[in-house]
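> sequence plus predicted model, see below.
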Amino acid sequence: MSVKAVFVGMPGSGKSTVGRNVARQLGTEFRDSDALIEETTGRTIPQIFEDGGESGFRDIEAAVIQEALDGYDGVLSLGGGAVLTESTRAALKGHPVFLIDVAPEELLRRVTKSRTVRPLLVDDPELRLRELREQREHLYREVARHTVSSDETPVAGVVAAVLEVLA
Ligand SMILES: Nc1ncnc2c1ncn2[C@@H]1O[C@H](COP(=O)(O)OP(=O)(O)OP(=O)(O)O)[C@@H](O)[C@H]1O
Ligand SMILES: O=C(O)C1=C[C@@H](O)[C@@H](O)[C@H](O)C1
Ligand SMILES: [Mg+2]
């Protein structure tokens, strides 16, 4: 028994949206590390960042992901920065990890439009997205077995591309 698909990628790339739809199509359970973090701590992500900073958040995130993967055979979407933690990258080895790849301009459009508060992007989303991409791109590529492009593809198209790989 092991996870059917894991989604990684930049904040706002569509991991939660695509993951939820892939799970629905497969008739399987869906887990999202950000939602699990809020459920298990009873706090919002911005509150966790305020209380313990980014490193406090990463510790909770890594523990939640380890637990979420244990004995799980559904679909899991990760937070945008989950791959920064080495133990998480190690736990992903051997699993079908999908990177959702989105061009910078489209990513900026999506995060500005979405209502989710992302503490790392609040000041200057365009600059922060550029910096985060530079820091993380190689880590996303390291853990991903497959890459699906989502630039101009509607959600249904990205979901279909994932399902084709899994078929
Ligand atoms: N293929 C797509 N085309 C257009 N809009 C999309 C697409 N995929 C996702 N979106 C939109 O982009 C926004 C961000 O999506 P989502 O919250 O799923 O991203 P995420 O990768 O889970 O972000 P985070 O890393 O913060 O968890 C949402 O408003 C969603 O509706
Ligand atoms: O890219 C990131 O580091 C983050 C993305 C979100 O999914 C949340 O996990 C949180 O806002 C941090
Ligand atoms: Mg998400």
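Happy to help now that I have it. Ligands and ions are numbered 1, 2, ... in the order given.
> ranges for the helices of the chain?
Along the chain, the stretches classed as helices by DSSP state H are 15-26, 33-41, 45-69, 86-92, 104-113, 125-143, 155-166.
> can I get these in CSV with mean pLDDT, mean neighbour count and distance to Val8?
Backbone N, C-alpha and C define where each C-beta goes, glycine included. As requested, these are exported to CSV (pLDDT from 0 to 100; neighbours: other Cβ atoms under 10 Å; distance: least, Cβ to Cβ, whole Å):
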stretch, mean pLDDT, mean neighbour count, distance to Val8
helix 15-26, 97, 20, 7
helix 33-41, 97, 17, 10
helix 45-69, 97, 16, 11
helix 86-92, 98, 16, 8
helix 104-113, 93, 14, 14
helix 125-143, 96, 15, 6
helix 155-166, 97, 16, 13
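> format the ones you listed as CSV; extra columns: distance to Ser149.
CSV is the format used below for the helices of the chain (distance: least, Cβ to Cβ, whole Å):
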stretch, distance to Ser149
helix 15-26, 12
helix 33-41, 23
helix 45-69, 25
helix 86-92, 20
helix 104-113, 10
helix 125-143, 13
helix 155-166, 8
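> would you list those in CSV and tack on distance to ligand 3?
Converted to CSV, those look like this (distance: least, Cβ to the ion, whole Å):
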stretch, distance to ligand 3
helix 15-26, 3
helix 33-41, 5
helix 45-69, 10
helix 86-92, 15
helix 104-113, 11
helix 125-143, 14
helix 155-166, 13
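> which one of those helices lies closest to Pro119?
Judged by Cβ to Cβ, the one of these that comes nearest to Pro119 is helix 45-69, at 4.2 Å.
> name the nearest residue to Leu26, ignoring sequence neighbours.
Distance criterion Cβ to Cβ, 6 or more residues apart in numbering; nearest residue to Leu26, sequence neighbours excluded, is Lys4 at 6.3 Å.
> surely that neighbour and Leu69 touch.
No - with the criterion set as Cβ atoms under 8 Å, Lys4 and Leu69 do not qualify as a contacting pair; they are 11.6 Å apart.
> what about Val6, how many neighbours?
Under the neighbour criterion other Cβ atoms under 10 Å, Val6 is assigned a count of 27.
> got the buried residues for stretch 70-89?
Residues 72, 74-85, 88-89 are the ones in stretch 70-89 that count as buried (16 or more other Cβ atoms under 10 Å).
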